[in-house]
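Trainee: Following is a predicted model, sequence given first.
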2 protein chains.
Amino acid sequence: MLDKTNNTFKYDFKGLSMTTERTASMEDYLEAIAVLREEEVEVRVTQISKRLGVKKPSVTAALHKLSEDGLVKHRRYGHVELTGKGRKIAEEVMRRHEVLFRFLSEILGVDSDTAQEDACKVEHSLSPTSLERLAKFVEFVLTCPRGEPLWHKGFNYFVEHGERDQEIVANCLEKES
Amino acid sequence: MLDKTNNTFKYDFKGLSMTTERTASMEDYLEAIAVLREEEVEVRVTQISKRLGVKKPSVTAALHKLSEDGLVKHRRYGHVELTGKGRKIAEEVMRRHEVLFRFLSEILGVDSDTAQEDACKVEHSLSPTSLERLAKFVEFVLTCPRGEPLWHKGFNYFVEHGERDQEIVANCLEKES
DNA sequence: ATGTATTGTTAGTCTTGTCTAACATCTATT
DNA sequence: AATAGATGTTAGACAAGACTAACAATACAT
């Protein structure tokens, strides 16, 4: 779905093909740097370039801007580091990513790859207000004292069979009275 | 939150202020045209311009592109109409918007204005796969045979009080055995 | 220590979508 | 029918972010 060669997101809908450009925003760079920092000894332009599917000159340009904004430290031909400010933003972006990813994969049951891609895209557009609600929701569902909530089993059945599991419905309604 | 004057989306996070540009994509234009079509006799450049918070020349430019792509019909100084193809896309976008809006407002309990704004932004980035799941989820929750699901009451309590409603938890666990 | 391969940067171009300023057309009122 | 005001369009500029081609610095291997 995500085409690394031209960084284009393509999908088909009822015979219509639509293409939506995806652009790595400055937040993506910060996030990438933070993630790479955990995996590598030194963060270098080439790593960032590969991770974001972007050519090296784009990385250099982005680093210039981020440097000006005081979010990264970067000397010519040197490695890359986040400043305190940059790290704070990166951590917030990663948190948003994590919330979205868990919601998509663990609650909605979207496959992991798609969930990752979508989290990357949505993490920049959802307002803090909605994201906090979603975070609460994910926490609420995944820390259910009974383990997997019954209704969630019901949802999975619903997705798979296109109708509700009558046993669960009965179980549920019974408590109504 | 959404500043109509410069079409900028601004928010603060722990002392850091970030600004994210928002750009009305071609899908936004199609959606706007479709919505206006339901409200007005004729869809005109000025209406679209107001609805999307962009200047009129931007609308004209967008209409040129959409015309070339065969998605709208538009003669100089005339009104705007969707082609069949354009309408199909617009309807799909509206459906995505609707799903996201209902999820945010009716399930997460996000206020209506924020939910609208976020739906507008997210509707372009979520993959069809995830969106279908979300649609199922919204349908599943909102057509619960017992009315509002008990767990949803529990969630609202959780958001409001920061902890679970022990009565609901007990009720829920009791059925475990 | 020197030369080759890797890595990074610069310069210049393209695309997308926005804007302002100036101009063109339409409409409705007299 | 003439004209004022509203509505649309053109032209030209700008910003962000990507790309390629060419050049510069580094690092490693002999």
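Mentor: Sure, I can see it. These figures come from a predicted structure and were not determined experimentally.
Trainee: Please enumerate the strands of chain A.
Mentor: A:2-3, A:8-13, A:16-21, A:72-74, A:80-82 (DSSP state E).
Trainee: So residue A:166 versus DNA strand D, what's the distance?
Mentor: According to CB to the nearest atom of the strand, to the nearest Å, residue A:166 and DNA strand D sit 50 Å apart. Every residue, glycine included, has its C-beta placed from N, CA and C.
Trainee: give me the number of residues near that residue?
Mentor: 10 (other CB atoms under 10 Å in any protein chain shown).
Trainee: With residue A:134 instead?
Mentor: 23.
Trainee: pLDDT score for it?
Mentor: Listed pLDDT for residue A:134 reads 98.
Trainee: got it, and residue A:3?
Mentor: For residue A:3, the predicted pLDDT is 45.
Trainee: just residue A:9 next, same as before
Mentor: 50.
Trainee: Pick out the residue closest to the middle of chain A.
Mentor: With distances taken as CA atoms, centre = their mean, residue A:119 lies nearest the centre of chain A, 2.3 Å away.
Trainee: what about the longest helix in chain A?
Mentor: helix A:84-102 (DSSP state H).
Trainee: re the thing from before, tell me who's in contact with the residue nearest to the centre of chain A.
Mentor: A:97-98, A:100-101, A:104 (CB atoms under 8 Å, 6 or more residues apart in numbering or on different chains).
Trainee: again, only this time at 7 Å
Mentor: A:97, A:100-101, A:104 (CB atoms under 7 Å, 6 or more residues apart in numbering or on different chains).
Trainee: which one of those residues is nearest DNA strand D?
Mentor: Ranked by distance to DNA strand D (CB to the nearest atom of the strand), the contacts of residue A:119 are led by residue A:97 at 16.9 Å.
Trainee: Surely that closest one touches residue A:123?
Mentor: Yes: between residue A:97 and residue A:123 there is a contact under CB atoms under 7 Å: 4.9 Å.
Trainee: just to revisit the earlier point, who wins for neighbours among the contacts of residue A:119?
Mentor: Going by other CB under 10 Å, residue A:104 tops those with 27 neighbours.
Trainee: Now do the closest residue to that residue other than its chain neighbours against residue A:83, distance only.
Mentor: Of all residues not flanking residue A:104 in the chain, residue A:115 sits nearest, at 3.9 Å (CB to CB, 6 or more residues apart in numbering or on different chains). Residue A:115 sits 30 Å away from residue A:83, going by CB to CB, to the nearest Å.
Trainee: And the helices in chain A?
Mentor: Under DSSP H, chain A gives helices at A:26-39, A:45-52, A:56-68, A:84-102, A:112-122, A:128-142, A:150-161, A:166-174.
Trainee: tell me the pLDDT at the residue nearest to the centre of chain A?
Mentor: 96.
Trainee: Distance of it relative to residue A:133?
Mentor: 16 Å.
Trainee: for chain A, which spans come out with low pLDDT?
Mentor: For chain A, residues meeting the criterion pLDDT under 70 lie at A:1-24, A:175-177.
Trainee: Apply 90 and report the result again.
Mentor: Within chain A, the segments meeting pLDDT under 90 span A:1-25, A:40-41, A:145-146, A:168-177.
Trainee: DNA strand C contacts on that one?
Mentor: Within chain A, the positions near DNA strand C by CB under 7 Å from any atom of the strand are A:21, A:44-46, A:56-57, A:59-61, A:63-64, A:74, A:76-79.
Trainee: which of those residues are buried?
Mentor: A:44-45, A:59, A:63, A:74 (16 or more other CB atoms under 10 Å in any protein chain shown).
Trainee: closest to residue B:39 among those?
Mentor: residue A:59 (45.9 Å; CB to CB).
Trainee: hang on, isn't the closest one packed against residue A:47?
Mentor: No: Residue A:59 sits out of contact with residue A:47 when judged by CB under 7 Å, with a separation of 9.2 Å.
Trainee: circling back to that earlier point, for residue B:141, see how far away the residue nearest to the centre of chain A is.
Mentor: 21 Å.
Trainee: do residue A:87 as well
Mentor: Counting by CB to CB - residue A:87 and residue B:141 are separated by 37 Å.
Trainee: How about residue A:81?
Mentor: 45 Å.
Trainee: residues from chain A in reach of DNA strand D?
Mentor: Counting by CB under 7 Å from any atom of the strand, chain A sits next to DNA strand D at A:7, A:23-26, A:28, A:52-55, A:57-58, A:61-62, A:65, A:76-77.
Trainee: From those, list the buried ones, please.
Mentor: A:24, A:26, A:28, A:52, A:54, A:58, A:62.
Trainee: what residues are up against the last one?
Mentor: Okay, so that is residue A:62. A:26, A:29.
Trainee: wait, residue A:25 sits on residue A:125?
Mentor: No: contact criterion CB under 7 Å: residue A:25 and residue A:125 do not qualify, at 10.2 Å.
Trainee: Could you name every residue contacting both of those two?
Mentor: Joint contacts of residue A:25 and residue A:125 (CB under 7 Å, 6+ apart) do not exist.
Trainee: mind listing what residue A:172 touches?
Mentor: Applying CB under 7 Å, 6+ apart, the residues near residue A:172 are residue B:146.
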